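1. From the sequence below, what's the structure:
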Amino acid sequence: MIETVEDAYEAIGRVLANKASPDWSSLRAVCPILNKGCGGVVTLQAGAKGEADIPIGMDVFALQDACIFLRDDLLRTTGQRIWGLTFTLYPDGKFNIEYDYNKPEGYEETDETMDLSQALEDLQKQGISAPKK
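-> Predicted structure coming up:
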């Protein structure tokens, strides 16, 4: 369970290190952070042969939990919302983390729900063909 920022950093590093092949020079996770999860997570390892994808499988959920914790903690402590992060881990255990404070273009976040028939009716009022079936 993640209870501190340090726990979150450790969780991200552990996911990357557990899936990497030997002889890496750095491991990187690029995580867009949306409302309830992360979308399009990219995990890479760098080594003598260049960069390669690190398939993390179901560990993506541990990575996501850590990212969401960091997002919520930063919002609580600084009042600023992050929309992504890049975490880079080095073989000596040191790491670098960069936060992205820019909301993705065109992304709208809402907790509101809309009835499908109401949505179709609204589209029709705008002149958009949306047949009710």
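
2. The chain: strands as residue ranges?
-> 24-32, 42-47, 50-53, 84-89, 95-100 (DSSP state E).

3. Could you tell me the angle between the longest helix seen in the chain and strand 95-100?
-> The residue-count maximum for a helix in the chain (DSSP state H) belongs to helix 60-78. Counting by axes from the mean of the first three to the mean of the last three Cα atoms, to 10 degrees, helix 60-78 points 70 degrees away from the direction of strand 95-100.

4. Helix 60-78 packs against which elements?
-> Applying 3 or more Cβ pairs under 8 Å, 6 or more residues apart in numbering; DSSP states H and E, one finds that helix 60-78 makes contact with helix 5-19, strand 24-32. Any C-beta I mention is one placed from the backbone N, CA and C, and that applies to glycine too.

5. so Arg81 touches Asp100, yeah?
-> No. Between Arg81 and Asp100 there is no contact under Cβ atoms under 8 Å: 10.3 Å.

6. check contacts around Pro104.
-> Contact analysis of Pro104 by Cβ atoms under 8 Å, 6 or more residues apart in numbering lists Pro32, Trp83.

7. Gly84 versus that one, what's the distance?
-> Noted for Pro104: a distance of 8 Å to Gly84, by Cβ to Cβ, to the nearest Å.

8. Residues in contact with both of these two, list them for me.
-> Pro32.

9. circling back: rebuild the strands of the chain as JSON lines, extending it with distance to Arg71 and mean pLDDT.
-> Listed next are the strands of the chain as JSON lines, based on distance: least, Cβ to Cβ, whole Å; pLDDT from 0 to 100:
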{"stretch": "strand 24-32", "distance to Arg71": "10", "mean pLDDT": "95"}
{"stretch": "strand 42-47", "distance to Arg71": "17", "mean pLDDT": "92"}
{"stretch": "strand 50-53", "distance to Arg71": "24", "mean pLDDT": "92"}
{"stretch": "strand 84-89", "distance to Arg71": "8", "mean pLDDT": "96"}
{"stretch": "strand 95-100", "distance to Arg71": "9", "mean pLDDT": "97"}
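
10. Export these as a markdown table, with columns for distance to Thr77.
-> Listed next are these as a markdown table, based on distance: least, Cβ to Cβ, whole Å:
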| stretch | distance to Thr77 |
| --- | --- |
| strand 24-32 | 19 |
| strand 42-47 | 27 |
| strand 50-53 | 33 |
| strand 84-89 | 15 |
| strand 95-100 | 12 |
